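>>> Sequence and predicted model, in that order:
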Amino acid sequence: MKDLNVIVVGAGIGGISTALALAASGSGHKIVVLDAIKEFAEVGAGIRVSPNSSKLAKEWGVDFDSIEKETSLGNRFVSWKNELLCEVPFGDVEEKYGAPYYFIHRADLVNALRTAASKYPEQITIITDSRVVEYDFSRPAVRTERGQWYSGDLVISAEGIKSSVREAINGGPAEPADTGDVAYRILVPAAPLLEDPELRTLVTEPWATHWMGPEGHAVGYPLRGGKLFNIIVDITHRSDCGEPVGDDWKKSADNRELIERFKDGWCYPVQKLCGMTGEYVKWKLAELERPLQRWVHPSGKVALLGDACHAMMPYLAQGAAQVLEDAATLSTALTQCSEVSDALELYEKCRASRTDYVVRNTQVLQEWLHLYDGQAQQQRDKLMTLDTEENPIFWANKTRRDWLFGHDARKLDECDIPNLPPLPPAEASVYPDKDLRKKLASYTRYKE
Ligand SMILES: Cc1cc2nc3c(=O)[nH]c(=O)nc-3n(C[C@H](O)[C@H](O)[C@H](O)COP(=O)(O)OP(=O)(O)OC[C@H]3O[C@@H](n4cnc5c(N)ncnc54)[C@H](O)[C@@H]3O)c2cc1C
Ligand SMILES: *[C@@H]1O[C@H](CO)[C@@H](O)[C@H](O)[C@H]1NC(C)=O
Ligand SMILES: *[C@@H]1O[C@H](CO)[C@@H](O)[C@H](O)[C@H]1NC(C)=O
């Protein structure tokens with residue numbers, strides 16, 4: 001492919017990754033990234049970066065050595081009474097997939113991506129305070145709120161879950177759906193945990209611990225070399241899904257609501273973690289429930305990327321990883337094809353089925369992780385000890401884990417998609433209105 005002028009809308013993890021992947025591909029592409037934001041300010045929270053996605057970023061020049069991070073020992077699943085049910089160690093991850101699984105402070109990751117972008121001053125230009133309000137699909141070009149037009153050979157729209165252009169590209173409704181859950185992200189200093197003999201190892205041994213109980217689960221892991229501890233609480237919102245504030249769906253919160261939710265029956269670690277003071281942010285969790293009809297506008301010149309086309313619940317900790325993979329695949333497709341429209345079509349073909357499978361798995365996990373105590377929960381606890389297709393924990397089955405961690409997003413060949421784990425019995429569902437079983441009925445990877 002000849003050298004291209006590329007307009008990227010959105011300078012989130014998706015937009016910056018796209019610019020990096022294109023600039024690092026050895027081409028002379030020129031990339032202009034437009035973002036509405038006046039000044040970049042990052043939500044203080046952790047992000048889990050799986051092995052093959054950090055490998056991609058490293059190749060683009062992102063310097064992970066400069067980031068103070070943790071290497072995950074694995075995923076640990078415990079009951080709300082703090083009984084260990086299932087452990088998926090990641091000790092072999094680096095050897096098998098060529099990079100470790102990291103816990104990183106989100107701000108550190110985004111900074112590292114931006115620093116890498118600044119190493120391509122001839123190719124990448126990031127322009128802030130430039131909200132895009134109009135797309136011209138045939139030129140293609142975009143117009144900002146301030147009246148400036150930017151045109152190029154193609155436009156990549158990475159506007160995140162609230163994308164303004166998704167429906168126009170999809171050619172039909174594609175509103176994000178309520179998931180039934182909210183998420184709290186809490187960041188606390190680790191020092192008080194280190195002084196507590198019952199909680200010390202949560203910091204000194206960097207596992208991601210998942211406590212599962214009725215209508216919710218909490219995940220905790222250390223950050224920044226054990227100086228901070230990151231807690232994510234995902235619970236049914238019941239009536240209070242949080243007010244959307246300003247341009248965002250996040251809302252700062254305090255811990256009174258959490259203390260109330262966890263006061264009966266939840267184990268000491270969860271109560272203690274939610275009772276600590278720190279930074280609290282509450283998010284309404286939304287998702288694109290069904291795959292889009294298309295990611296590429298019929299003009300063949302404008303495509304969606306990232307959360308804009310596959311926003312998902314965070315239950316597989318894959319949002320950012322899938323976004324990085326989108327960028328890598330897009331860049332390879334542009335290198336391999338001689339026409340932009342062919343490249344975009346190939347990019348969509350490679351990415352849509354993969355991301356759809358990841359989204360489906362977050363939906364299945366939501367059902368299992370939040371069960372009430374009872375027969376279905378007992379069945380879950382038993383299944384969680386098996387290395388079979390029936391294990392509801394995604395990573396516990398080797399085939400599925402290899403599929404997720406062992407993917408090379410720069411290779412464009414068709415990949416096999418594993419079966420989905422089964423669902424809990426319909427009558428046990430905490431989300432009967434979602435009727436997931438019905439929604440999955442036509443999905444070939446779902447076996448009843
Ligand atoms: C609670 C929670 C926990 C998570 N945990 C993890 C995790 O552990 N691991 C993981 O991999 N992922 C995780 N994720 C997901 C991950 O954060 C997202 O998938 C990822 O950040 C999406 O990147 P994006 O660039 O597509 O979108 P965004 O990050 O939303 O970026 C979109 C950008 O576009 C800009 N923009 C929007 N509209 C316009 C416009 N019209 N004009 C100009 N600019 C515009 C915005 O200002 C923004 O900067 C989590 C998400 C949540 C909610
Ligand atoms: C893991 O799941 C895959 C895909 O569904 C299945 O083919 C495989 O048999 C499972 N592994 C084991 C050990 O059962
Ligand atoms: C991903 O992992 C596999 C090994 O499982 C490896 O062969 C491949 O090159 C990796 N891809 C990237 C982009 O690092």
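All right, it came through fine. No experiment lies behind these values; they were computed from the predicted model shown. Ligands and ions are numbered 1, 2, ... in the order given.
>>> From now on I want contacts and neighbour counts done on CA atoms only, so please keep to that.
OK.
>>> in this protein, which residue is closest to the centre?
Residue closest to the average C-alpha location in the chain (Cα atoms, centre = their mean): residue 319, at 1.2 Å.
>>> Next up, the contacts around it.
307, 311, 312 (Cα atoms under 8 Å, 6 or more residues apart in numbering).
>>> Enumerate the residues of the protein near ligand 2.
Residues of the chain lying near ligand 2 by Cα under 6 Å from any ligand atom: 387, 388, 389, 397, 398, 399, 400, 418, 419.
>>> same thing but at 5 Å, please
387, 388, 389, 397, 399, 418, 419 (Cα under 5 Å from any ligand atom).
>>> so what's the second one up against?
Which is residue 388. residue 397.
>>> For it, give me the pLDDT.
The predicted structure scores residue 388 at 90 on the pLDDT scale.
>>> gap between it and residue 421?
Computed as Cα to Cα, to the nearest Å, the residue 388 to residue 421 distance reads 9 Å.
>>> out of the contacts of residue 319, which is most surrounded?
residue 312 (27 neighbours; other Cα atoms under 10 Å).
>>> For the closest residue to residue 448 other than its chain neighbours, the count of nearby residues, please.
Leaving aside its chain neighbours, residue 448 sits nearest to residue 422 (6.6 Å; criterion: Cα to Cα, 6 or more residues apart in numbering). For residue 422, the count of nearby residues is 17 (other Cα under 10 Å).
>>> Keep only those of the residues of the chain next to ligand 2 that are in helices.
residue 399 (DSSP state H).
>>> Derive a PyMOL selection command for the buried subset of the residues of the chain next to ligand 2.
A single PyMOL command selects the buried members of the residues of the chain next to ligand 2 (16 or more other Cα atoms under 10 Å):
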select buried, resi 389+397+399+419
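>>> Turn the residues of the chain next to ligand 2 into JSON lines, including distance to ligand 3.
Shown next, in JSON lines, are the residues of the chain next to ligand 2 (distance: Cα to the nearest ligand atom, whole Å):
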{"residue": "387", "distance to ligand 3": "19"}
{"residue": "388", "distance to ligand 3": "20"}
{"residue": "389", "distance to ligand 3": "20"}
{"residue": "397", "distance to ligand 3": "15"}
{"residue": "399", "distance to ligand 3": "11"}
{"residue": "418", "distance to ligand 3": "16"}
{"residue": "419", "distance to ligand 3": "19"}
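>>> Of the residues of the chain next to ligand 2, which belong to strands?
Members of those lying in strands (criterion: DSSP state E): none.
>>> Out of the residues of the chain next to ligand 2, the closest to residue 139 would be?
Nearest to residue 139 out of these is residue 418 (Cα to Cα; 40.0 Å).
>>> Pretty sure that closest one sits against residue 445.
Yes - using Cα atoms under 8 Å, residue 418 is in contact with residue 445, at 6.8 Å.
>>> gap between the two ends of stretch 100-119?
25 Å.
>>> Any residue of that stretch touching ligand 1?
No - Stretch 100-119 does not reach ligand 1 (Cα under 5 Å from any ligand atom); its nearest approach is 8.0 Å.
>>> And the contacts of stretch 322-334?
1, 13-14, 17-18, 21-22, 25, 53, 56-57, 305-307, 340, 343-344, 346-347, 350-351, 355, 409-412.
>>> Any of those buried? List them.
Buried among these by 16+ other Cα under 10 Å: 13-14, 17-18, 21-22, 25, 53, 56-57, 305-307, 340, 343-344, 346-347, 350-351, 355, 409-410, 412.
>>> ok, back up a step: which among the residues of the chain next to ligand 2 gets closest to residue 186?
So of those, ranked by how close each gets to residue 186 (Cα to Cα), first place is residue 397, at 29.8 Å.
>>> how about that closest one, what does it touch?
387, 388, 389, 391.
>>> can you put those residues in JSON lines and add distance to ligand 1?
Shown next, in JSON lines, are the contacts of residue 397 (distance: Cα to the nearest ligand atom, whole Å):
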{"residue": "387", "distance to ligand 1": "24"}
{"residue": "388", "distance to ligand 1": "25"}
{"residue": "389", "distance to ligand 1": "24"}
{"residue": "391", "distance to ligand 1": "22"}
